[in-house]
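# Sequence first, predicted model second:
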Amino acid sequence: MSIIHDDFLVKDELGYYCRYGDFYIDALAPVKTNIISHAHGDHATQGHQKIYATPATFALMQNKFPKMAASSMEAIVFKQVFTVGKVAITFLPAGHILGSAQILMIYQGVSYLYTGDYKLQRDDTCEPIVIQPADVLITESTFADPSVSHPDVDKEILKLEDIPHNIMLGCYTLGKAQRLTALINDLLPEREVLVHHKMYPVHKLYDQWGYKRLRYSLYNRKAMKEGRTNKIYLVPPLTFNSYFKAKNVLKAFASGWERLQRQNDIALYISDHVDWKDILWYVTQVNPQQIWTVHGDGRALKKHFEGKLIVRDILLAS
């Protein structure tokens, strides 16, 4: 019987380290070998000697880091098996944003599945999640709380349907903005989407690499002030916060976090992470022997599976 190595993946000050393959996952600072799950800034960094990621992740990273050395990058398509050290690795779609990958690692007959950030809800702008059984599920636990339940995204978007005002909609530049654009295009076709200049090149990359053609325009002040009040202006968080005195618009922020809904005119609960029920369902599909939690609080999961399944935080490097 194959043995699960409790220290197969550990957390240190640089990221998640696998000594059996001598590589990091989502390292925060330059390392020799880094495997990147997706292109969000808290997971994707530059300066590494060797980087493995999906082609779309590299395209999105190069937009942010135009001086990133091409010689350091090795693009791996989904379901292609590659080896680092003695570990066989495969990228599987995570459903979080375009190019986002779960990282399946097999060592001495034991499979370890690092989810990265993932979601189960429909998102036409990125690859849908792929289910893969594994011996150890290393899951993000951002919303691993029984009190958290993400509502249906279509119903949330339709909150904007009959509002006779322009709307300033705060959202993250990568992933969320493109998902919102697609949802508005489909469900509120009478609404015109304007995007902040920082989002515009990311939308262009989604047009190139993505799965759904988006309809949008680059924001300009004149368009927002003139014509029909059917505009939805997508802005990143810092811009959204700086417009706290904005007039003649209603404000909303698309997020699963309740704290980000306060003091807005419209509450819009749209998250790109799994909620409690989704995590529980995903565990049944992966059917692991153990669960290791990252990126959040795993105590509720540990309590839920007590006596049935080993659940613990990922070990800290000694």
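Right, received. Where do you want to start?
# dump the residue contacts of the residue nearest the centre of the chain.
What sits nearest the mean C-alpha location of the chain, by CA atoms, centre = their mean, is residue 96, with 3.9 Å. The contact partners of residue 96, by CB atoms under 8 Å, 6 or more residues apart in numbering, come to 38, 116-119, 126, 175, 272-273. C-betas here are computed from N, CA, C, even on glycine.
# so which pair among these is furthest apart in space?
Across those, the longest distance by CB to CB is 13.5 Å; it joins 126 and 273.
# Of those two, which one has the most company?
residue 126 (27 against 23; other CB atoms under 10 Å).
# How about that one: what's its closest non-neighbour residue?
residue 98 (4.4 Å; CB to CB, 6 or more residues apart in numbering).
# how much space between the one you found and residue 60?
Relative to residue 60, residue 98 is positioned 7 Å away (CB to CB, to the nearest Å).
# what's the overlap in contacts for those two?
residue 205.
# Contact partners for residue 302?
Per CB under 8 Å, 6+ apart, neighbours of residue 302: 311-312.
# mind saving the C-alpha coords of the helix or strand where it lies as PDB?
Using DSSP states H and E, residue 302 maps to helix 299-304. What follows is helix 299-304, C-alpha atoms only, in PDB (Å, rounded to 0.1, in the frame of the first residue of the first chain):
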ATOM      1  CA  ARG A 299     -11.600  24.400  11.200                       C
ATOM      2  CA  ALA A 300     -15.200  24.100  10.000                       C
ATOM      3  CA  LEU A 301     -14.200  21.400   7.500                       C
ATOM      4  CA  LYS A 302     -12.300  19.500  10.200                       C
ATOM      5  CA  LYS A 303     -15.300  19.600  12.500                       C
ATOM      6  CA  HIS A 304     -17.700  18.500   9.700                       C
END
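# Which positions in that helix come out as buried?
Neighbour counts over helix 299-304 (16 or more other CB atoms under 10 Å) mark 300-302, 304 as buried.
# how about low-confidence regions in the stretch 151-300 of the chain?
Where the stretch 151-300 of the chain drops to pLDDT under 70, the residues are 244-246.
# what are the ranges of the helices in it?
Taking DSSP state H, counting those that start in this stretch to define them, one finds helices in the stretch 151-300 of the chain at 153-157, 176-187, 200-209, 221-225, 237-242, 276-286, 299-304.
# so which of these gets nearest residue 22?
helix 276-286 (26.1 Å).
# what sits against the residue nearest to the residue nearest to the centre of the chain when sequence neighbours are not counted?
Excluding its sequence neighbours, the residue lying closest to residue 96 (CB to CB, 6+ apart) is residue 117, at 4.3 Å. The contact partners of residue 117, by CB under 8 Å, 6+ apart, come to 37-38, 40, 43, 94, 96-97, 100, 140, 142, 272-273, 295.
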